[in-house]
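In: sequence first, then the predicted structure:
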Amino acid sequence: MTSSSASCTYESKLVRDTFGSLAIDKDRLPSSGLTAMGIPSFVAEWLLDKVVPGNGPLSTDDHQKLMAFVQKAFPRKDDKQEIFFRLTQGETCKLIALVQVRVKLEQSKGEVPDPTARIPVLNLDECEISPELINNHLMLLRHGVWGKVSLSLRPTGTVQISDFDPFQCSTVEISEYARCREKFDAAQWRDLMLCSMGFNPEHSSYTRDAKTWTLARLLPLVESNFSIMELAPKGTGKSFVFENISNKVAVISGGKVTAARLFIDGRTKEIGLLGRHDVVVLDEVQSLTFDNPDEIIGPLKTYLANGRYNRSGFQEVASDCSLVMLANIELDEQQRPRNQNSLLADLPPFLHETAFLDRFVGIIPGWLIPKFQKNMVATQPGLKMDFFGEALFSLRREGAYMKYVQEHTVFNDKTTIRDQKAISKAACGFLKLLYPHLQLTIDDYKRDCVEPAVQLRQYIRNLLYTFDDEFKQFGRYLTVDVCE
């Protein structure tokens with residue numbers, strides 16, 4: 001792969017003309033202060049477009065109008081008692097929040113209980129919600145949905161969600177998305193992807209390689225059951241896109257991880273994060289601990305191998321959730337990993353087990369991504385985060401991309417089955433990100449899809465080669481070819 005710096009000017013007019021209302025000036029978000037208040041980008045950009053539409057940074061009047069709306073519509077945890085009081089006075093309280101619905105089956109009682117809704121920001125766990133509202137918005141049963149919520153009080157004293165209006169983008173027509181791609185050349189589209197993530201593609205630090213590895217963070221969104229690590233120093237924005245692109249992504253930051261949270265809660269029988277989300281991110285892996293490692297690593301290895309897991313006494317759960325592990329590593333004075341021969345030297349011991357490590361597609365070399373600075377924030381028009389995230393997730397369901405990969409990729413006998421599967425999935429992911437219209441030359445495919453896919457997997461091969469003599473029979477270096 002080359003490391004030349006970006007040379008093209010960002011095509012702002014082309015983005016606006018092609019995507020219209022699905023595009024937004026990315027400099028409006030930093031000037032709003034919404035993300036600093038804990039509002040994810042995919043929600044904040046919707047608010048900006050609805051409350052203070054326009055281009056460029058927010059004016060003083062715009063900012064005041066937006067803050068007035070947020071203070072009225074976005075509850076804080078300490079607003080709970082005030083909201084309860086207003087409900088007891090017969091008011092209907094309207095707010096914007098994440099809503100999740102759970103159905104608990106308690107067979108011993110001999111009856112089917114009604115579903116209940118949660119509003120996490122208020123610590124409300126037992127709200128009534130009608131089956132009609134759930135049927136209209138089935139995503140409430142998975143990771144939940146952000147929207148306008150109307151709360152009222154039932155005569156029984158139970159809080160009820162009387163109305164719900166989601167504002168997340170629900171579906172994306174991939175054929176139309178692909179037609180939009182046709183209007184851009186490869187470099188212009190790459191820059192649009194980077195800008196839509198929130199990064200400034202015109203910044204000199206974002207070389208072609210840096211853009212490729214930054215975009216690699218999106219691979220778990222476009223590919224189901226895609227397991228990957230990123231190792232990087234602090235400050236490269238590893239978790240930024242995962243925290244802001246969609247609530248289909250769950251981020252766990254350091255600390256203790258339990259089997260109940262990840263797989264199945266034995267007490268409530270509730271399916272864990274891997275069964276409800278499309279992507280689960282374990283951040284700050286270097287400080288990750290498990291209450292009972294064997295209870296987690298065993299099922300996790302099984303899940304990474306075949307997309308299924310179980311815990312003793314529970315039925316097997318199948319999921320297409322991707323798993324991402326993010327960890328900080330130290331660099332030397334040349335800004336290379338201090339432990340070049342063992343990238344995982346300072347990480348938890350379970351990552352050193354080759355049977356576990358081999359199940360990962362690859363490692364994103366985060367040390368090749370520049371440290372994030374204030375002037376590296378996107379200021380150009382990009383895709384609205386909710387639309388962008390849903391477009392990426394929608395690409396998971398399209399089979400034409402893997403068919404292309406299988407027809408145009410040639411493996412030799414030194415690549416194991418897991419190598420082949422990993423490289424194929426990563427190449428397929430890059431194909432979805434960069435060429436969703438499937439109009440490309442074989443050279444485009446090799447340069448932009450196969451070569452970075454092989455590099456991601458090569459970092460895994462290096463570790464396996466170092467840790468276990470069994471892998472030396474395959475040689476250290478992967479070579480993959482392409483064909484017409």
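Out: The structure has been received and is ready for your questions. Just so it is clear, the structure is predicted and the values come from calculations on it, not from any experiment.

In: got a list of what residue 163 touches?
Out: 133, 148-150 (CB atoms under 8 Å, 6 or more residues apart in numbering). For glycine as for every other residue, the C-beta is placed from the backbone atoms N, C-alpha and C.

In: and it, how close does it get to residue 247?
Out: 20 Å (CB to CB, to the nearest Å).

In: residue 473 too?
Out: 45 Å.

In: higher neighbour count, the two?
Out: residue 247 (21 against 8; other CB atoms under 10 Å).

In: backbone phi and psi for the residue lying closest to residue 332 once chain neighbours are set aside, please?
Out: Spatially, and ignoring its direct neighbours in sequence, residue 332 is nearest to residue 338 (5.0 Å; CB to CB, 6 or more residues apart in numbering). Per-residue torsions, residue 338: phi -60, psi -30 (degrees, to the nearest 10).

In: tell me who's in contact with the residue nearest in space to the middle of the chain.
Out: The structure's the chain has its C-alpha centroid closest to residue 242; by CA atoms, centre = their mean the separation is 4.1 Å. Neighbour list for residue 242: 217, 249, 251, 279, 281, 283, 324 [criterion: CB under 8 Å, 6+ apart].

In: for those, which one is nearest residue 386?
Out: residue 249 (12.4 Å; CB to CB).

In: not counting sequence-adjacent ones, nearest residue to the closest one?
Out: Nearest to residue 249 is residue 279, by CB to CB, 6+ apart, at 4.4 Å.

In: what is the strand ranked longest in the chain packed up against?
Out: If you go by DSSP state E, the chain has its longest strand at strand 279-290. Applying 3 or more CB pairs under 8 Å, 6 or more residues apart in numbering; DSSP states H and E, we find strand 279-290 packed against helix 240-244, strand 249-257, strand 322-328.

In: and the contacts of residue 163, which of them are buried?
Out: For the contacts of residue 163, a burial check counting by 16 or more other CB atoms under 10 Å picks out 133, 149.

In: can you tell me which of the contacts of residue 163 are in strands?
Out: Going by DSSP E, the strands hold 148-150 from the contacts of residue 163.

In: tell me the least confident of the residues you listed?
Out: Note: of the ones in strands among the contacts of residue 163, the lowest pLDDT belongs to residue 148, at 88.

In: these two touch, right, it and residue 167?
Out: Yes: with contacts counted by CB atoms under 8 Å, residue 148 reaches residue 167, the gap being 7.0 Å.

In: let me know the closest of the contacts of residue 163 to residue 187.
Out: residue 148 (39.8 Å).

In: which residue, neighbours along the chain excluded, lies closest to the closest one?
Out: Per CB to CB, 6+ apart, closest to residue 148 is residue 165, 4.3 Å.

In: so what's the residue count around the one you found?
Out: 11.

In: which SS state does it fall under?
Out: Under DSSP: H, G, I helix; E, B strand; the rest coil, residue 165 falls in the strand class.

In: thought it was touching residue 146?
Out: No: contact status for residue 165 versus residue 146: not in contact, 10.4 Å apart, counting by CB under 8 Å.

In: thought residue 347 was touching residue 284?
Out: No: counting by CB under 8 Å, residue 347 does not reach residue 284; the two are 10.7 Å apart.

In: show me what the spatially closest residue to residue 360 that is not a sequence neighbour is bridged to.
Out: Closest residue to residue 360 apart from its sequence neighbours, by CB to CB, 6+ apart: residue 227 at 4.9 Å. Judged by DSSP bridges, the bridge partners of residue 227 are residue 323.

In: show me the contacts for residue 227.
Out: 220, 304, 322-324, 359-361.

In: gap between it and residue 398?
Out: Taken as CB to CB, the span from residue 227 to residue 398 is 20 Å.

In: over to residue 22?
Out: In terms of CB to CB, residue 22 sits 19 Å off from residue 398.

In: okay, these two: which has more neighbours?
Out: residue 22 (20 against 17).

In: is it true that the more buried one touches residue 387?
Out: Yes: contact criterion CB under 8 Å: residue 22 and residue 387 qualify, at 4.9 Å.

In: for the protein, which residues score under the pLDDT cut-off?
Out: Counting by pLDDT under 70, the chain contains low-confidence ranges at 1-8, 105-112, 168-170, 312-313.

In: now for the nearest residue to residue 189 once chain neighbours are set aside: which residues touch it?
Out: Excluding the flanking residues, the one nearest residue 189 by CB to CB, 6+ apart is residue 181, at 6.0 Å. Neighbour list for residue 181: 189, 435-437 [criterion: CB under 8 Å, 6+ apart].

In: check the gap between residue 181 and residue 394 for me.
Out: From residue 181 to residue 394 the distance is 13 Å (CB to CB).

In: give the contact list for the residue lying closest to residue 86 once chain neighbours are set aside.
Out: What sits nearest to residue 86 in space, not counting adjacent residues and going by CB to CB, 6+ apart, is residue 93, at 5.5 Å. For residue 93, the contact set (CB under 8 Å, 6+ apart) comprises 83, 86-87, 150-152.

In: which one (most neighbours) among those?
Out: residue 151 (24 neighbours).

In: can you tell me how far that residue is from residue 103?
Out: From residue 151 to residue 103 the distance is 20 Å (CB to CB).

In: quick one on the thing from earlier: and which of the contacts of residue 227 is nearest residue 423?
Out: Of the contacts of residue 227, the one sitting nearest to residue 423 (CB to CB) turns out to be residue 361, at 8.2 Å.

In: quick one: contacts for the residue lying closest to that closest one once chain neighbours are set aside?
Out: Distances taken as CB to CB, 6+ apart place residue 422 nearest to residue 361, at 4.3 Å, with adjacent residues excluded. Going by CB under 8 Å, 6+ apart, residue 422 touches 360-362, 453, 456-457, 460.
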